[in-house]
Structures are given as C-alpha cells and as structure tokens.
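[1] Dropping a prediction and its sequence here:
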Amino acid sequence: MDRGSLIGLTLAGAAILGGQALEGGHIALFLQPTAFIIVVLGTLAAVLLHYPLPVFMQGIRMARWAFHPPEPEGNTLIRRVVQWSHAARQDGVLALEKHLNITRDPFQKTGLQLLIDGADADKLRDTLDVQIINFETAERQAARVWESAGGYSPTLGILGAVIGLIHVMENLTEPGKLGPGIAVAFVATIYGVGLANLVFLPIANKIKFSIARRVREREIICDGLVGIAQGDNPRIIEARLKGYL
C-alpha cells in the first residue's frame with residue numbers, strides 16, 4: 001500500500017470539505033447526484049470515444065498502481081544478471097539454457113535466447129531496445145487515459161453548471177429559489193475541477209512513475225545481457241548496473 005497516495009487523497013477530501021465547513025456552508029450541498037452523473041459519466045464517455053477499448057481497460061487496471069504499485073525489482077534483477085554472467089563466463093553462453101528454462105518473463109527469455117543463439121552485442125541491444133520502446137509506448141498510452149479524463153472533466157463540470165443555470169432560469173418567477181439553485185449548479189464545476197486535479201491527474205502521474213521504473217528494470221536486463229555478450233567481467237557488469245539504481 002502506498003501510504004502517500006492514501007494520505008494525499010484523504011487530505012484532498014479534507015481540504016474541500018473543511019473549507020466548505022469553515023465558510024459556514026453545508027457539506028450536504030456537495031451531494032448532488034445529477035452533477036456527479038453529468039461529470040463522471042460524461043468524462044467516461046469522452047475517454048471511451050478517445051481510446052480503443054483495450055487501451056481504456058488497461059488504463060483502468062493500472063489505476064491500482066496509485067495505491068499498490070508494482071514491487072521494485074532492480075536489485076533482484078541485478079543479482080540475476082550477475083548470476084547469468086558467472087555461468088556464461090565459466091561454462092559458455094550455452095550454459096544459460098538452464099536459466100532460460102526457468103525464466104518466465106518474456107523479455108528476459110527473448111534476451112537469453114538471443115544470447116544463446118550467438119547474437120552479437122549490437123544486434124542484441126537493437127532487438128531489446130525495440131521491445132523496450134514498444135513496451136514503454138503501450139504502458140504510457142494506457143496511463144494517458146487518466147490524463148485525458150483530467151482534461152475532459154473540468155469541461156464537463158462547466159457543462160453541468162450551464163445545465164443547472166438553465167434550470168434556474170426557468171424559475172425566475174420564484175426569486176427565493178434562485179440563490180440555492182445557482183449554488184447547486186456550480187457544484188458540477190467543483191466536481192469537474194476537483195476530480196481532475198485531485199484524482200485523475202495525480203493518478204496519471206503516479207502510474208507514469210511506476211512505468212518509468214518498469215522501463216528502467218528492462219534496461220538493466222538489456223545492459224546486463226549486452227555486457228555478457230561482450231565478455232565483460234561480472235564485477236564490471238554489476239557495478240555498471242547498480243548505477244541504474
């Protein structure tokens with residue numbers, strides 16, 4: 001559990017509700033189902049129109065990273081690469097076949113297979129770099145789902161406010177309803193701007209932080225395998241890879 005995200009979300013809610021209470025307003029005023037439906041469902045519809053469904057679903061699944069990010073694996077990967085390096089140095093690259101058989105990660109399996117097949121360092125790096133770039137592009141595209149939601153929701157909030165004001169204009173003959181009606185209308189704007197800046201955009205940036213770490217972990221594997229292909233000493237490989245951390 002990322003306690004920072006939990007604390008941040010709690011503070012965001014406390015800031016909005018506390019500010020309303022300090023101004024003497026009623027917190028219940030924020031409980032407007034119509035405004036919530038316009039902003040949330042409208043934003044959802046816009047994002048679904050913006051992205052293919054598989055990308056949208058991937059972005060939704062990645063939202064959990066804001067509170068449960070993937071565990072860092074940098075140190076574990078460095079130890080694994082150093083183990084591969086020792087095996088290749090002592091018994092040749094064909095000795096890596098036993099490591100290939102127990103490796104589950106597709107990226108690592110690809111790199112080991114290329115190394116076993118005799119690919120030189122340049123071809124190995126070129127191949128793995130393409131995979132890293134494609135991986136990062138796909139992951140960041142899913143993270144942009146939340147960035148897009150943060151862009152659309154303020155506009156939907158304004159739309160909700162306009163709809164509310166139209167309803168107020170229909171009751172101009174009853175002055176007593178104008179003040180409360182206008183206040184309710186602008187709750188939609190609060191929903192739109194609040195969700196964008198306190199939920200959607202922070203989630204997008206937290207996801208991108210996790211993506212950057214996952215990309216760096218693949219770069220560790222790539223650099224380590226290239227070092228093995230070049231015949232570098234395992235200690236040199238280890239020292240270089242620790243620089244990524």
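    Perfect, I can see it now.
[2] CA atoms for contacts and neighbours, from now on please.
    Fine.
[3] Dead centre of this protein: give me the residue that sits there.
    Among the residues of the chain, residue 207 comes closest to the average C-alpha position under C-alpha atoms, centre = their mean, at 2.0 Å.
[4] Run through this protein and note the low-pLDDT ranges.
    Scanning the chain with the threshold set as pLDDT under 70 gives 1, 17, 19-21, 23-29, 171-181, 183-184.
[5] Domain boundaries for it, per the record?
    1-29, 32-245 (automatic domain parsing).
[6] Of those domains, which stretch is the most buried?
    Per residue and on average, the most neighbours among the domains of the chain fall to domain 32-245, with a mean of 18 (mean count of other C-alpha atoms under 10 Å).
[7] element containing the spatially closest residue to residue 228 that is not a sequence neighbour, please.
    Setting aside the residues directly before and after it, residue 228 is nearest to residue 85 in space (C-alpha to C-alpha, 6 or more residues apart in numbering), at 5.7 Å. Taking DSSP states H and E as the criterion, the element that holds residue 85 is helix 74-91.
[8] packing partners for that helix?
    helix 201-229, helix 234-242 (3 or more C-alpha pairs under 8 Å, 6 or more residues apart in numbering; DSSP states H and E).
[9] Which SSE is immediately downstream of it?
    Downstream of helix 74-91 (by DSSP H and E), the next one is helix 97-102.
[10] right, and the helix or strand after that following helix?
    Using DSSP H and E, the next helix or strand after helix 97-102 towards the C-terminus is helix 106-116.
[11] chain center to that next one, what's the gap?
    27 Å (C-alpha atoms, centre = their mean, to the nearest Å).
[12] Output that helix as CSV - backbone C-alpha positions only.
    Taking Å, rounded to 0.1, in the frame of the first residue of the first chain, the C-alpha atoms of helix 106-116 are listed here in CSV:
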residue,chain,number,x,y,z
PRO,A,106,9.1,-12.9,-21.9
PHE,A,107,11.5,-10.0,-22.2
GLN,A,108,14.2,-11.9,-20.3
LYS,A,109,13.5,-15.1,-22.2
THR,A,110,14.0,-13.2,-25.5
GLY,A,111,17.3,-11.7,-24.4
LEU,A,112,18.6,-15.0,-23.1
GLN,A,113,17.6,-16.9,-26.3
LEU,A,114,19.3,-14.3,-28.5
LEU,A,115,22.4,-14.6,-26.4
ILE,A,116,22.4,-18.4,-26.6
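[13] That one to helix 201-229, inter-axis angle?
    Helix 106-116 and helix 201-229 are oriented at 20 degrees to each other (axes from the mean of the first three to the mean of the last three C-alpha atoms, to 10 degrees).
[14] hmm, who's touching helix 106-116?
    93-94, 96-97, 100, 103, 124, 128, 131, 218, 221-222, 225, 229 (C-alpha atoms under 8 Å, 6 or more residues apart in numbering).
[15] If we use 10 Å, what do you get?
    The contact list for helix 106-116, computed with C-alpha atoms under 10 Å, 6 or more residues apart in numbering, reads 81, 84, 88, 92-97, 99-103, 117-121, 123-125, 127-128, 131-132, 135, 218, 221-222, 224-226, 228-229.
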